[in-house]
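Asks: A predicted structure for the sequence below; I have some questions about it.
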Amino acid sequence: MGWLIAGGIAVVVLIALVVLIIGIYNKLVTLKNRYQNAFAQIEVQLKRRYDLIPNLVETAKGYMSHERETLEAVVQARNQAVSGLQQAAQNPGDPNAMQQLAGAEGMLGGALSRLMAVVESYPDLKANENMMSLQEEITTTENKVAFSRQAFNDSVTTYNTYRQSFPPVVFASFFGHGSDAALLEFADSEKIQEAPKVSFN
């Protein structure tokens, strides 16, 4: 009789352990999917921004024939940012990919900032309706990028916190969640935010 009770308790404990492990696995997967989905929202907004930049350059080119170097720097920085985004999208949360994307965004922000400073010297370009429209669209997109990046970082923090807590930390590596996901931090975020906000009035 005692063996039956002990066996029953062992079965109950084993079932409880299996349920706990399944719960941990499912939550890790759910939280990882959340931050990956949040990155997809960043990707949408950054692609939109990258699509606007060639139009901006083409509009400026008609007025800024002597500023070829500045315009080429924007195009080159934009292309590097596109490449950085493509790599990051393959593995959101990967520290190297996030760092490369952040670096490329910093260079693009700097190039846009220099372009906008030069635009100030061209009153006709500043007054161009297409230029004003593009500036407004880029500003709106920048705001959406900032919002999406905050949502991504919040999701990553939630995932990392759960992964580091006990008992998930015991099983995380076994389930393929061996390391923390990286936040997406733009080291030059203030410049990036400010670059498209130059007034064309």
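Replies: Looks like it arrived, so ask away.
Asks: let me know the average pLDDT across the helix or strand hosting residue 115.
Replies: For residue 115, the element it lies in under DSSP states H and E is helix 95-119. What helix 95-119 shows for mean pLDDT is 92.
Asks: check stretch 136-151 too.
Replies: Mean predicted confidence for stretch 136-151 is 93.
Asks: against which helices or strands is the biggest helix by length in the chain packed?
Replies: Determined from DSSP state H, the single longest helix within the chain is helix 2-61. Other elements packing on helix 2-61 under the criterion 3 or more C-beta pairs under 8 Å, 6 or more residues apart in numbering; DSSP states H and E are helix 68-90, helix 95-119, helix 129-164, helix 168-172. (Glycine included, C-beta is placed from N, CA and C.)
Asks: which residues touch residue 145?
Replies: By C-beta atoms under 8 Å, 6 or more residues apart in numbering, the residues touching residue 145 are 42, 45-46, 49.
Asks: could I get those as TSV with pLDDT and neighbour count?
Replies: Listed next are the contacts of residue 145 as TSV, based on pLDDT from 0 to 100; neighbours: other C-beta atoms under 10 Å:
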residue	pLDDT	neighbour count
42	96	25
45	96	19
46	96	24
49	94	24
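Asks: how would you label residue 185: helix, strand or coil?
Replies: coil (DSSP: H, G, I helix; E, B strand; the rest coil).
Asks: how much space separates it from residue 153?
Replies: Residue 185 is 8 Å from residue 153, where distance means C-beta to C-beta, to the nearest Å.
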